[in-house]
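1. give me the fold of what follows.
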Amino acid sequence: MPEERNAAPAPGSGSGPAGINAQQDLRGALHDVANALTVVLGLLDLASRDAAGGASSGLNAAQAWARHGRGIALRAIGATRALDSDGPNDLAALLRDAIAGAEPQAGRRGVSVEVRMSAHGTETLVGWPEALQVLTNIVLNAVAFSPPETTVLLEASSDGSNVHIVVTDQGPGIEPSLRGRIFDGVPSSRPGGSGIGLPHSRALAESQGGSLRMLESEQGARFEVTWPVAGSRTHSCPVSRKRASLSGRRVLVFDDDDAVLCLLQTGLEARGAEVVTATDAAALRVVIASGLFDAALIDLSPLAGDSAGALASMRASSPSVRVVLISGSAGSPPKEAMEAACAWIRKPFEMGEIVAAILGEDAV
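-> Numbers count the residues shown, from 1 in each chain. Coordinates of the predicted model:
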């Protein structure tokens, strides 16, 4: 009889402080994904115009931002492998890519973006993808609040241990009543804004040993991003907990819900597993016969009452497979299915539960 690993509410799903923090983290991650995809859409628009003249710079930039967006999602679900970091990770590249990301929006609004740099530009940064996300968010905000025919100015300097980037716009600035609460998640006055971008950006900067603060300004808004140079990080900087690895394991995922299938495939591959998927009974039979599996995540609902036969075939093909049932129904799976499985996980689940069930552990 398998253990039901989701009998109690998942950690962070309640209304207490832990639940609030989990919700804030998720909203922050989704905000970053939305910003990254906004940039991708704008760059693809540029690429479509470039294509007529044979240029491919827009497409290249779009591919880089798509990789960055995927990296954000992987980080949000606890990827163990390093995020993609093709290309340079220095200050000059940070400024260049942040401006490129904001260029479509700036162009539509008639706003220019200018850089003044007193640093060398070759300073290698700690957590470069995170630095790009934070700076892009600040620049996009500045562009959104800038009147047409004005300039957003980025001033970059270095003190040897950190780089400092001050972003100034010529918009209406921050209302005095909001200045003391701007990082507390107050409602945004930016059209379509959620009010979570600044708090999340500051938290992301601090997680890498940097900071984000608002400066006094006579006109418009001014924000300063401070980011550590590689080799200067102090011992007080947080260190991520090591996550369980599934390297070398072949895992079958059977589910007819595209969102669940995508989440499981991405999360398991991020931990090193080889993932093979199927969405209907016919495809499942083919996949089962394709070779040995170390684990199988099976949603019984698409099997139309033939769960016993499918699980028997799974066991016959891969005798040592760990079968984990995943179910969105309120009731328990059929008795014969429960007897053939090692664990039962009820939706919604956390990736930690899935990994623990695959490894036969109580926790990751």
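
2. now do the helices in the stretch 51-200 of the chain.
-> For the stretch 51-200 of the chain, helices defined by DSSP state H, counting those that start in this stretch occupy the ranges 57-76, 91-109, 128-145, 197-207.

3. domains in this structure, by residue range?
-> The chain breaks down into these domains under automatic domain parsing: 31-228, 243-359.

4. what mean pLDDT does the longest one get?
-> Predicted confidence along domain 31-228 averages 79 (mean pLDDT).

5. repeat for stretch 315-324
-> Mean pLDDT, stretch 315-324: 93.

6. buried stuff in it?
-> When burial is assessed from 16 or more other CB atoms under 10 Å, stretch 315-324 yields the following buried residues: 317, 318, 321, 322, 323, 324. Just so you know, the C-beta spots here come from the backbone N, C-alpha and C atoms, and that holds for glycine as well.

7. residues in contact with that stretch?
-> Defining contact as CB atoms under 8 Å, 6 or more residues apart in numbering, one finds that stretch 315-324 is touched by 2, 288-289, 292-298, 311, 314, 340-345, 354, 357-358, 360.

8. mind redoing it with 6 Å?
-> The contact list for stretch 315-324 (CB atoms under 6 Å, 6 or more residues apart in numbering) reads 288, 292, 293, 295, 296, 297, 341, 342, 343, 357.

9. got the phi and psi for the first one?
-> In terms of degrees, to the nearest 10, the main-chain angles of residue 288 are phi -60, psi -40.

10. now do the fourth one
-> Torsion angles at residue 295 (phi, psi; degrees, to the nearest 10) stand at phi -150, psi 150.

11. any idea how far it is from residue 317?
-> Distance of residue 295 to residue 317, given as CB to CB, to the nearest Å: 13 Å.

12. next: residue 298.
-> 13 Å.

13. check residue 275 too.
-> 17 Å.

14. nearest residue to residue 284 other than its sequence neighbours?
-> residue 278 (4.4 Å; CB to CB, 6 or more residues apart in numbering).

15. just grab the bridge partners of that neighbour for me.
-> On the basis of DSSP bridges, residue 278 is bridged to residue 254.

16. and for it, the neighbour number?
-> For residue 278, the neighbour count with other CB atoms under 10 Å is 22.

17. so who does it touch?
-> For residue 278, the contact set (CB under 6 Å, 6+ apart) comprises 254, 284, 287.

18. just residue 310 next, same as before
-> Contacts of residue 310 by CB under 6 Å, 6+ apart are residue 303.

19. that's a helix at it, yeah?
-> Yes: counting by DSSP: H, G, I helix; E, B strand; the rest coil, residue 310 is located in a helix.

20. from residue 288, how far out is it?
-> Per CB to CB, residue 310 is found 8 Å from residue 288.

21. about what we covered before: closest one to residue 199 out of the buried residues of stretch 315-324, please.
-> Taking CB to CB as the measure, residue 199 lies nearest residue 324 of the buried residues of stretch 315-324, at 36.6 Å.

22. what's the closest one sitting at in phi/psi?
-> Here is the backbone geometry of residue 324 (degrees, to the nearest 10): phi -120, psi 120.

23. report the beta-bridge partners for it.
-> Residues in a beta bridge with residue 324, per DSSP bridges, are residue 297, residue 343.

24. all strands for this structure, in order.
-> Using DSSP state E, the strands of the chain run over residues 3-4, 112-117, 151-158, 162-168, 211-215, 222-228, 250-254, 274-278, 295-298, 322-327, 343-346.

25. now the angle from the fourth one to strand 222-228?
-> Note on geometry: by axes from the mean of the first three to the mean of the last three CA atoms, to 10 degrees, strand 162-168 and strand 222-228 are set 160 degrees apart in direction.

26. got it, and the longest one?
-> Orientation of strand 151-158 against strand 222-228 (the same axes, to 10 degrees) gives an angle of 30 degrees.

27. sheet partners, orientation included, of strand 151-158?
-> Here, using DSSP bridges, strand 151-158 pairs with strand 112-117 (parallel), strand 162-168 (antiparallel).

28. pretty sure residue 274 contacts residue 249?
-> No: Residue 274 is beyond contact range of residue 249, at 7.1 Å (criterion: CB atoms under 6 Å).
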